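A.B. asks: Return a 3D structure for these sequence lines:
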Amino acid sequence: MHAIIVSAQGGPEVLEYVERPDPVPGDGELVVDVAASGVNFIDIYHRSGAYPLDLPTSIGSEGAGTVSAVGPGVEGVAVGDTVAWANVLGSYAEKAVVPAARAVPVPDGVSADVAAAAMLQGMTAHYLTHSTHEVREGDRVLVHAGAGGMGQLLVQLAKLKGATVFTTVSTSEKEKLAREAGADEVLRYDGFVEPLRRSIDVVYDGVGRTTFDGGLEVLRPRGLMALYGAASGPVPPVDPQVLNRQGSLFLTRPTLIHYIADREELLRRASDLFGWISSGQLRISISHRYPLADARQAHEDLAGRRTHGKLLLIP
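C.D. replies: As a prediction, the model looks like this:
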């Protein structure tokens, strides 16, 4: 089979398209013929060393496909089943080894590529809007980067919960996409603070360094900043007194793995997502599909913010 590996940390040029032996499942594992792999910022962090991994390593954290082999001790999954997963390294490959405990059944009516596109970002949007801050009807929510894959999902889920949603974008084209996702008001990054100052219940910020300070300024007293990513770079250290002065604010840096820590929670979030997709309440926007061998180009496009919606690698 072919896979993408990283032998040294660095830019997209370190992504190597290599041939490797077909994997064999161990205890509690599945081998899946990958139909699509999701491309995410966490993959860039793994590649660059921002989130260090032991090298050499396979890369990619999300995908979906058809089970081709089942290891010992696995129950409830059979060869031929369609499954999806998130937070499983080695997903940039023609065949992936997936722990059965992390595999989610994909229901009829949801295609494998949509399932792959929905898992990591969809469950992240789920926990942010349902757990980190349980959005309620009437909440005023700010979503940064509302035209991106994560942004569009956050906008849609916040609207399903009855919120008024504000979002930021960089271009007129992206403004159109954010409005199509349901945003009530779309602002530019350089002008979002004054119209929203001290009026927002929760800020969902995956941009990081360039938006963080402004995000604190728009929160109402006792509002919550949920910093879930750093597309523009890491946020410098924060003096807790800033949170005090600006209204006893709350700050959290959540990550998906802690919100799908047990299988019951994983299945509940995935079931909600697939149900909303099947009913048409949640639209998954797939921006680009690249051959697996073009992983470098996918990383360049994602890091350069030249895309909108989800990027997939197709083996």
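A.B. asks: Nearest residue to the middle of this protein?
C.D. replies: Residue closest to the average C-alpha location in the chain (CA atoms, centre = their mean): Gln121, at 2.6 Å.
A.B. asks: what sits against that residue?
C.D. replies: 38, 40, 149-150, 153, 310 (CB atoms under 8 Å, 6 or more residues apart in numbering). C-beta here means a position set from N, CA and C on the backbone, and glycine is covered the same way.
A.B. asks: These in strands, which ones?
C.D. replies: The strands, defined by DSSP state E, take in 38, 310 from these.
A.B. asks: Kindly state the pLDDT recorded for the most far-flung residue of the chain relative to its centre?
C.D. replies: The C-alpha centroid of the chain is most remote from Arg245, which lies 32.0 Å away (CA atoms, centre = their mean). Here the pLDDT value assigned to Arg245 is 96.
A.B. asks: cool, Arg305 as well?
C.D. replies: pLDDT, Arg305: 77.
A.B. asks: returning to what we had before: how far away is the residue nearest to the centre of the chain from Gln156?
C.D. replies: Relative to Gln156, Gln121 is positioned 11 Å away (CB to CB, to the nearest Å).
A.B. asks: low-scoring stretches of the stretch 151-300 of the chain, by residue?
C.D. replies: The model of the stretch 151-300 of the chain has no residue with pLDDT under 70.
A.B. asks: Counting neighbours, what do you get for Gly80?
C.D. replies: Using other CB atoms under 10 Å, Gly80 has 8 neighbouring residues.
A.B. asks: Just list the residues touching it, thanks.
C.D. replies: Applying CB under 8 Å, 6+ apart, one finds that Gly80 lies in contact with 66-67.
A.B. asks: Help me confirm that it is found in a helix?
C.D. replies: No: Gly80: not assigned to a helix; according to DSSP: H, G, I helix; E, B strand; the rest coil it is coil.
A.B. asks: how much space is there between it and Ile277?
C.D. replies: From Gly80 across to Ile277, the span is 22 Å (CB to CB).
A.B. asks: Could you list the domains of the chain?
C.D. replies: Domain assignment for the chain by automatic domain parsing gives 2-119+263-314, 137-253.
A.B. asks: what's the closest non-adjacent residue to Glu137?
C.D. replies: Here the nearest residue to Glu137 in space, its sequence neighbours aside, is Gly162; by CB to CB, 6 or more residues apart in numbering that works out to 3.1 Å.
A.B. asks: do the same with Glu16
C.D. replies: The shortest distance from Glu16 to any non-neighbouring residue, by CB to CB, 6+ apart, is to Ile5 (5.2 Å).
A.B. asks: could I get the domains of the chain as TSV with distance to Leu128?
C.D. replies: Below are these laid out as TSV (distance: least, CB to CB, whole Å):
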stretch	distance to Leu128
domain 2-119+263-314	11
domain 137-253	6
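A.B. asks: so which of the ones you listed gets nearest Thr129?
C.D. replies: Among the domains of the chain, domain 137-253 comes nearest to Thr129, with 4.5 Å by CB to CB.
A.B. asks: hang on, the earlier thing: hmm, which of the contacts of Gln121 are the buried ones?
C.D. replies: When the contacts of Gln121 are checked for burial by 16 or more other CB atoms under 10 Å, the buried set is 38, 40, 149-150, 153, 310.
A.B. asks: Sort those residues by pLDDT and name the bottom one.
C.D. replies: Pick the lowest pLDDT in those and you get Gly149, at 87.
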